[in-house]
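Enquirer: Below is the structure, and that's it, no one-letter string:
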């Protein structure tokens, strides 16, 4: 009887470890569901919207200008940020100061991206902390799940074309 109980216990522990490893790989490499908070991506993503983030793009350097990404915050590594990619390495970015009074250009260095929120008046982003390392990107958001009235693929930035070609 003891042998039967121990056998079932070890089998249960083995299955738990196996399924835990599968779940970890799925969430780390495939993607997962994320709830976004804060006003920085309004009107595209509202506070408490639920979205799907896929993680394969970051592993294969498939992040493009205009993509919305989840990244580790450069100012607080314990938290994540949700922002739109405005520039990739080598791009020349037209930057505005927070007061929107002075305009200048910045270049995105190798291995970095320039991120900004869609709600430029209420977003802490690369205009404050500069370009962020590509390695901080956790995934690319492309589909809104909740609220059901707004379900679907995410739309383009309401701010239009923000990088400079001259």
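Expert: Received, thanks. Everything numeric here is computed off the predicted structure, so don't read it as measured data. Numbers count the residues shown, from 1 in each chain.

Enquirer: Now do the strand ranked longest in the chain: which elements does it pack against?
Expert: In the chain, assigned by DSSP state E, the strand with the most residues is strand 137-146. Counting contacts by 3 or more Cβ pairs under 8 Å, 6 or more residues apart in numbering; DSSP states H and E, strand 137-146 is packed against strand 31-35, strand 50-54, helix 56-59, strand 68-72, strand 152-153. Where you see a C-beta, it was placed from the backbone N, CA and C, and this is true even at glycine.

Enquirer: Neighbouring strands of it in the sheet, and parallel or not?
Expert: Using DSSP bridges, the strands paired with strand 137-146 in its sheet are strand 50-54 (antiparallel), strand 68-72 (antiparallel), strand 152-153 (antiparallel).

Enquirer: and for the last one, what are the contacting residues?
Expert: Counting by Cβ atoms under 8 Å, 6 or more residues apart in numbering, the neighbours of strand 152-153 from elsewhere in the structure are 142, 143, 144.

Enquirer: Out of those, who's the most crowded?
Expert: Of these, residue 144 is surrounded by the most neighbours, 21 neighbours in total, counting by other Cβ atoms under 10 Å.

Enquirer: Quick check: pLDDT value at that residue.
Expert: The model reports residue 144 with a pLDDT of 86.

Enquirer: Residue 84 too?
Expert: Model confidence at residue 84, given as pLDDT, is 91.

Enquirer: Show me what secondary structure element comes after the one helix or strand it maps to.
Expert: Using DSSP states H and E, residue 84 falls within strand 80-87. Note on strand 80-87: by DSSP H and E, the next helix or strand toward the C-terminus is strand 92-96.

Enquirer: Any idea which helix or strand in the chain has the lowest mean pLDDT?
Expert: strand 163-164 (a mean of 48; mean pLDDT, DSSP states H and E).

Enquirer: so where is the protein shaky, pLDDT-wise?
Expert: The chain contains residues with pLDDT under 70 at 26, 59, 61, 96-102, 157-166.

Enquirer: Not counting stretch 108-120 itself, show me its contacts.
Expert: 39-45, 63, 69, 71, 81-91, 93, 96, 106, 123-127, 131-135, 137, 157-159, 162-163.

Enquirer: Flag every buried residue along it.
Expert: 108, 112, 113, 114, 115, 116, 117, 118, 119, 120 (16 or more other Cβ atoms under 10 Å).
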